[in-house]
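> attaching a predicted model along with its sequence, questions to come.
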Amino acid sequence: MTLQSPQDKRGASTEDVIGPADGPMKKPEEKKTEDTAEAEEVEEATPIELFYDLFFVANLTTVTSVHYITESKTLSSYILYFIILWFTWLHVTLLDVRFSVDSVYERICKALHFAVMGAFASVSTTWDPFSPDDDITITALRTMTLTLMFSRFILSIQYFVVMYFGRSKPRTIVPLAIHGTVMIISASVYLGVRYNPPIVPRTERLQKKRIKNELGLDPNLSLPIDLVPLSPHILKSARR
């Protein structure tokens with residue numbers, strides 16, 4: 001006598017009739033569609049973030065169109081401006097990507113960062129860090145240091161706020177505290193640079209200003225420092 005299994009008797013197993021024990025069976029097409037949807041789920045940039053990126057590009061375009069790169073000095077000036085602008089944009093973008101949540105607080109912080117980009121735009125037209133020999137250039141450099149100080153101060157507040165709300169996860173407290181502290185130190189350094197004496201002594205700047213007025217030159221014209229000791233002879237020749 002030959003024994004037959006239940007599948008041979010009924011033509012189908014219990015699993016084929018009522019499905020697997022962990023739930024109803026899914027068609028291969030449905031499973032593939034769900035896996036693809038999960039893989040393609042990517043968070044898109046918000047309009048505010050895109051607008052901030054536009055500010056970055058606009059600042060870079062402005063300084064490129066105003067200052068022509070014709071020698072190594074102007075190239076170095078352009079590279080320095082790009083590095084300062086890019087690192088400021090990068091700090092804000094990294095913070096947004098990791099911790100940004102749509103709220104009134106975040107929008108206020110973003111508005112302050114927009115103000116920072118506006119200050120960058122105001123400095124870009126008179127940016128000449130390697131020729132600080134007139135009041136306009138010195139004012140632009142001091143405005144830049146205050147702008148960077150303000151930007152780092154806002155970033156430090158944001159990092160400390162994130163640290164406060166993430167205090168339930170002890171592993172995140174130390175990295176966030178380090179980020180916030182570094183930003184405060186950077187802001188303090190920029191503030192100290194703002195109130196440092198200019199590279200060119202005030203007496204030399206005043207003499208150059210007097211020479212320009214006597215000769216009828218453009219006040220924004222850069223004069224070599226070597227001409228300052230010769231200023232009495234220049235003025236005498238101009239009067240004759």
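Done, it's in.

> pLDDT below threshold where in the protein?
In the prediction, the chain carries residues with pLDDT under 70 at positions 1-43, 132-134, 197-240.

> which elements pack onto the helix with the most length in the chain?
Ranked by residue count under DSSP state H, the longest helix found in the chain is helix 135-165. Applying 3 or more CB pairs under 8 Å, 6 or more residues apart in numbering; DSSP states H and E, we find helix 135-165 packed against helix 72-99, helix 104-124, helix 173-194. Any C-beta I mention is one placed from the backbone N, CA and C, and that applies to glycine too.

> mind checking which of these is nearest R152?
Distances from R152 to each of the helices and strands packed on helix 135-165 were compared using CB to CB; the shortest belongs to helix 173-194, at 4.0 Å.

> can I get the CA coordinates of that closest one in CSV?
Listed next in CSV are the C-alpha coordinates belonging to helix 173-194 (Å, rounded to 0.1, in the frame of the first residue of the first chain):
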residue,chain,number,x,y,z
ILE,A,173,26.1,66.5,22.5
VAL,A,174,29.9,66.6,22.2
PRO,A,175,30.1,67.1,18.4
LEU,A,176,27.4,69.7,18.4
ALA,A,177,29.1,71.5,21.3
ILE,A,178,32.4,71.5,19.4
HIS,A,179,30.7,73.0,16.3
GLY,A,180,29.1,75.7,18.3
THR,A,181,32.3,76.5,20.2
VAL,A,182,34.3,76.7,17.0
MET,A,183,31.8,79.1,15.5
ILE,A,184,32.0,81.4,18.6
ILE,A,185,35.8,81.4,18.5
SER,A,186,35.7,82.3,14.8
ALA,A,187,33.2,85.1,15.5
SER,A,188,35.5,86.5,18.2
VAL,A,189,38.5,86.4,15.9
TYR,A,190,36.7,88.3,13.2
LEU,A,191,35.5,90.8,15.7
GLY,A,192,39.1,91.3,16.9
VAL,A,193,40.3,91.8,13.3
ARG,A,194,37.7,94.4,12.8
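
> tell me what that helix is packed against?
For helix 173-194, the elements it packs on are helix 135-165, judged by 3+ CB pairs under 8 Å, 6+ apart.

> okay, the angle between the helix it packs on and helix 173-194?
On the basis of axes from the mean of the first three to the mean of the last three CA atoms, to 10 degrees, helix 135-165 is oriented at 160 degrees to helix 173-194.

> I am finished for the moment; much appreciated.
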